[in-house]
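Participant: I need the structure of the sequence given here:
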Amino acid sequence: MDGLAIELLAAGSARVQYLIYAEAVDGSGSVVGFAVSDDAVDLDLTVDGIARVYTALEGGFALGQITYGVGTEIRSLEIRFAQNAAVDALFRSYQISGAPVVVHRAAFDQGGALLAVGRVWSGLVDDAPIVDDPNGAYRAMIVVSDASRQGTLTLGGYKSDASQRLRSTGDTFFQYGSIAAGAAADTWRG
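Facilitator: Residues are numbered from 1 along each chain as shown. From the prediction side, this is the model:
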């Protein structure tokens, strides 16, 4: 964020919204982007040079503690979601394990004009549990690990049945690899 945005935030003249962008894989293997904000209205913004419409979840998610540091220690960020049709579709209909996620913090003035956007976290989805028990409790969460996590993935974690079949169409060795590797077979390199 620039100096003006920081001054306005300190003076209480600006409001802050978090923006989350994630890429998931649908059933046909196509990459689909999901952009959400914790605002009350959809936001049409250009972030990192890419125009996106951030769907309003109106406080429908909460970020865990963001920790920064130097070194190779793997840091994780938990993002918890409230029950929402878009979030439910993302968790139940798409492959999100290993997906890249970027979290930005945006500052707006009181008139709604964008002042500044800064990246606060980026990484890969490490875990995505969803709890929907008969007593009515619903909880969806993603755990996003930073770039240090990529150094711990084994070479087998980057192989997939699709890439193996491109090399040899009849070879089914990795057919169930995504299940055995905890759905990390098609991991993106961020």
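Participant: biggest strand in the protein, by residue count?
Facilitator: Ranked by residue count under DSSP state E, the longest strand found in the chain is strand 114-127.
Participant: In its sheet, which strands sit next to that one, and in what direction?
Facilitator: According to DSSP bridges, strand 114-127 forms sheet pairs with strand 100-109 (antiparallel), strand 138-145 (antiparallel).
Participant: list the contacts for the residue nearest to A24 when sequence neighbours are not counted?
Facilitator: Distance criterion C-beta to C-beta, 6 or more residues apart in numbering; nearest residue to A24, sequence neighbours excluded, is Y94 at 3.7 Å. Quick note: C-beta positions are derived from backbone N, CA and C, even for glycine. Residues near Y94 by C-beta atoms under 8 Å, 6 or more residues apart in numbering: A24, V25, D26, V32.
Participant: count of neighbours near the first one?
Facilitator: In this case it means A24. Applying other C-beta atoms under 10 Å, we find 23 residues neighbouring A24.
Participant: G112 versus that one, what's the distance?
Facilitator: Applying C-beta to C-beta, to the nearest Å, the value for A24 to G112 is 29 Å.
Participant: cool, and G33?
Facilitator: Taking C-beta to C-beta, one finds G33 at 24 Å from G112.
Participant: go on, Q17?
Facilitator: On the measure of C-beta to C-beta, Q17 and G112 end up 11 Å apart.
Participant: Any idea what the residue nearest to the spatial centre of the chain is bridged to?
Facilitator: Among the residues of the chain, the one closest to the centroid is V101, at 3.0 Å (C-alpha atoms, centre = their mean). Bridge pairing for V101 (DSSP bridges) gives the partners A22, G123.
Participant: can you pull the pLDDT of it?
Facilitator: At V101, the model reports a pLDDT of 87.
Participant: so who does it touch?
Facilitator: Counted by C-beta under 8 Å, 6+ apart, V101 has contacts I20, Y21, A22, I79, W121, S122, G123, L124, V125, I142, V144.
Participant: Contacts only, for the second one.
Facilitator: With contact set as C-beta under 8 Å, 6+ apart, Y21 has these partners: G33, F34, A35, V47, R52, Y54, V101, V102, H104.
Participant: and with 6 Å instead?
Facilitator: Contacts for Y21 (C-beta atoms under 6 Å, 6 or more residues apart in numbering) come out as A35, V102.
Participant: got it, and the fourth one?
Facilitator: Residues counted as contacts of I79 (C-beta under 6 Å, 6+ apart) are F61, L63, I142.
Participant: so what are the domain limits for the protein?
Facilitator: 3-152, 153-190 (automatic domain parsing).
Participant: what pLDDT, on average, does the last one get?
Facilitator: In this case it means domain 153-190. If you average the pLDDT over domain 153-190, you get 62.
Participant: Check stretch 65-85 too.
Facilitator: 80.
Participant: Now that stretch - C-alpha only, CSV.
Facilitator: Provided in CSV are the C-alpha atoms of stretch 65-85 (Å, rounded to 0.1, in the frame of the first residue of the first chain):
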residue,chain,number,x,y,z
GLN,A,65,-3.4,-14.9,11.8
ILE,A,66,-1.1,-13.7,9.1
THR,A,67,2.5,-14.4,10.1
TYR,A,68,5.6,-13.2,8.2
GLY,A,69,9.2,-14.3,8.5
VAL,A,70,12.4,-15.1,6.8
GLY,A,71,13.7,-18.6,6.2
THR,A,72,12.3,-21.9,4.9
GLU,A,73,9.7,-22.5,7.7
ILE,A,74,6.3,-23.3,6.1
ARG,A,75,3.7,-20.9,7.2
SER,A,76,0.0,-21.4,6.7
LEU,A,77,-3.1,-19.2,6.6
GLU,A,78,-6.5,-20.5,7.5
ILE,A,79,-9.5,-19.0,5.7
ARG,A,80,-12.9,-19.9,7.2
PHE,A,81,-16.1,-19.5,5.2
ALA,A,82,-19.7,-19.1,6.3
GLN,A,83,-22.4,-21.1,4.5
ASN,A,84,-22.9,-19.7,1.1
ALA,A,85,-24.0,-21.2,-2.2
